[in-house]
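Trainee: Sharing a sequence plus its predicted fold:
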Amino acid sequence: MSLLPTRFLAIFLILGLAACQSQQATQPDSGAQQVGESAAPESQAGMDGEFAAYDDGRTRIALLAPLSGEHRALGRSLVNAAQMALFRLAGNDFELVVKDAGDTAREAQDAMDEALNEDVQLVLGPLFSQSVSAIGPQATRAGVPVLAFSNDRSVAAPGVYVMGIGPANDITRVIQYSVEQGRDRIAILAPRNSYGQAVQDAAQRAASRYGATITQSASYDPADVDISNDVRALAQSASQTSGDQTTISGSGMGVTGFNSLLIPAGGREVENIAPLLPYYDINPEIVQLLGSRLWENGNLGRDPVLSGGWFAAPEHNNWETFARQYEDLYGEEPPRVASIAYDATALAAALARDAETGDNSMVYDEAVLTDSDGYTGVDGLFRMLPNGEVERGLAVYELTDNGFQRLDPAPSSFERLLN
C-alpha cells in the first residue's frame, strides 16, 4: 500500500483540553461567541420587516441539533461537545449559532431556513438521515456545505458530507485486515434491516477492493427470539458449497466453506448468536469472527465463542481522553456520537483561524474541505470526498476476556486518491 505523508491544513488534534475548567461550559472566553440560540442581528429591521444581511465580516456557522422532542438530551450533548471545541479553538471573528432541528424532517428544514437567513457559511448537523436528506436541496441551492452527523452514506451528496462512522468505514477496515491475514473467504450473517443491508453492501465493495470473496450471506430478523434456523441455513450452504456432505448439527468437524464470518451485531443480539455457531459447526477456532463497531461496547470477549473476534473502530485512547474531559465539564458521560460534533466544530473553527491568518482565504471552499491529505480529530484521521462520503482511518481490535486489545493501529496517512 502506497501512503503519502499527511499534511494537515489545520492542526487540531483536539485533546489538549486540560486547561478548560467546568465553568467554561457556560462562560466562554472573551474571544469567542457563546454557543446558544442565535440572537437577532444588531442591525435594525428594514421597512419590509426583514433584517439586514449579516455583513460584519465574522465567520458564521450553524449547528442543527434536536433540542426538543424525544432526542433532546442527545441534542444537548452535541451542543456540549461543540462548546468544548469552540472554547478551545475559535478565533475572535468566529460565531456558532445553534438551531433546534427537532426530530422530524420538517423541523430540520425550518432550522435550515433560519440558519441560511443568517448568512451562515457552513452547517454542522443534523443528526438523523431523514433530516439530512430533507435539508440537502436547501444547502445545494444556497451553496452552503453541510457536515452532517448521520452515518448513512445514502444521504451523502456533493457538498453534504456524512461525518458519522458507518459500515463503509469499519466494515471496510476489518475486511482489509482479514484479507491481509489470509482470511479472504468471508461469510456474512447480518440483521434483516437497513443497517444489515448497508453492511452487506459495504462488505461486497471491500471484498472487491481487497481481493476477498463473499462466499455466503444470510440474514435474520433481529426481533426473533430464536434464529437457529438462519444460522443452520448459513452453515448448510457453506458445506454444500465446499462439497462437505457432513450433517450439520454438532458433528464437530467444522464448516469449511469460509474462513471468516462477519456478524455486524452488538450487545444481547450477538450474545444470542454466539452459542449457535459451534452447535452448527461454525468453529471459532477455524473460522475467524469479524464484527462491526458495535463490538466496541460491552464485554463481549468474556464469551469464549466471541473472544478473539476482530473489529475496527477509532483509536480508543483518544475517545477515552475526550470522554473524561467531557464528563469533567458537564458531569455526565458523553454519547458516542458526541465526538463527531466535536471534530466537525473543531474543523470549522480551525479552518476559520487559517483564513484569519491568511493561510487559507477560501474557508469552507470544496477544495479545502476535500483536501486529499485529510484532517485529524478525536476519532482519528478522516477526509471528505467530493461525493459527500467521508473516509476514515481506523484501528483493528481483538476481543479479549477483559475488553479488547489493539491488533493494528489506525493509519497515519491515506492512500493517494486516483482520478
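Mentor: Received it, and whenever you're ready, just let me know what you need.

Trainee: And what about the nearest residue to Glu333 once chain neighbours are set aside, helix, strand or coil?
Mentor: Leaving out its chain neighbours, the residue that sits closest to Glu333 by Cβ to Cβ, 6 or more residues apart in numbering is Glu327, at 5.7 Å. The C-beta positions use only the backbone N, C-alpha and C, and glycine is treated the same way. For Glu327, the secondary structure call by DSSP: H, G, I helix; E, B strand; the rest coil comes out as helix.

Trainee: per-residue pLDDT, Glu327?
Mentor: With respect to pLDDT, Glu327 has a value of 97.

Trainee: what about it, neighbour count?
Mentor: Using other Cβ atoms under 10 Å, the number of residues around Glu327 comes to 12.

Trainee: ditto for Asn283
Mentor: Using other Cβ under 10 Å, Asn283 has 15 neighbouring residues.

Trainee: could you check the distance from it over to Leu289?
Mentor: Distance, Asn283 to Leu289, by Cβ to Cβ, to the nearest Å: 11 Å.

Trainee: what sits in contact with each of these two?
Mentor: The contact sets of Asn283 and Leu289 overlap at Leu277 (Cβ atoms under 8 Å, 6 or more residues apart in numbering).

Trainee: Helices of the stretch 301-419 of the chain, start to end?
Mentor: Along the stretch 301-419 of the chain, the segments classed as helices by DSSP state H, counting those that start in this stretch run 316-330, 338-356, 366-369.

Trainee: Same question for the stretch 101-250 of the chain.
Mentor: Listed in chain order, the helices found in the stretch 101-250 of the chain under DSSP H, counting those that start in this stretch are 105-117, 129-142, 167-180, 194-210, 228-242.

Trainee: that older thread, quick check: the residue nearest to Glu333 vs Leu294, distance?
Mentor: Distance check for Glu327 against Leu294: by Cβ to Cβ, it reads 23 Å.

Trainee: likewise Val162?
Mentor: According to Cβ to Cβ, Val162 and Leu294 sit 18 Å apart.

Trainee: more crowded one of those two?
Mentor: Under the criterion of other Cβ under 10 Å, the comparison of Val162 against Leu294 puts Val162 first, with 27 against 19.

Trainee: Could you list everything that one pairs with in the sheet?
Mentor: Note on Val162: beta-bridge partners by DSSP bridges are Ala148.

Trainee: Could you pull up the contacting residues of it?
Mentor: Val132, Ala148, Ser150, Asn151, Asp152, Arg153, Val155, Ala156, Gly388, Glu389, Val390.

Trainee: could those residues go into TSV alongside pLDDT and distance to Leu63?
Mentor: TSV is the format used below for those (pLDDT from 0 to 100; distance: Cβ to Cβ, whole Å):
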residue	pLDDT	distance to Leu63
Val132	98	14
Ala148	98	11
Ser150	96	14
Asn151	94	18
Asp152	95	19
Arg153	93	22
Val155	96	18
Ala156	97	19
Gly388	97	19
Glu389	97	22
Val390	97	18
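
Trainee: In strands, which of those residues fall?
Mentor: When DSSP state E is applied, the contacts of Val162 are split such that Ala148, Val390 fall in strands.

Trainee: For the contacts of Val162, which entry has the maximal number of neighbours?
Mentor: Counting neighbours by other Cβ under 10 Å, the top entry in the contacts of Val162 is Ala148, with 32 neighbours.

Trainee: Hmm, that one is touching Ala157, no?
Mentor: No: with contact taken as Cβ atoms under 8 Å, Ala148 and Ala157 are classed as non-touching, separated by 9.9 Å.

Trainee: Pass me the low-pLDDT residue ranges in the chain, would you?
Mentor: 1-56, 238-256, 358-362, 416-419 (pLDDT under 70).

Trainee: Go again with 80.
Mentor: The chain contains residues with pLDDT under 80 at 1-57, 91, 237-256, 297-298, 355-362, 415-419.

Trainee: Can you pull the domain assignment for it?
Mentor: Following automatic domain parsing, one gets these domains for the chain: 22-41+57-164+316-388, 167-313.

Trainee: So for Val396, which of those sits nearest?
Mentor: Nearest to Val396 among the domains of the chain is domain 167-313 (4.6 Å), distances taken as Cβ to Cβ.
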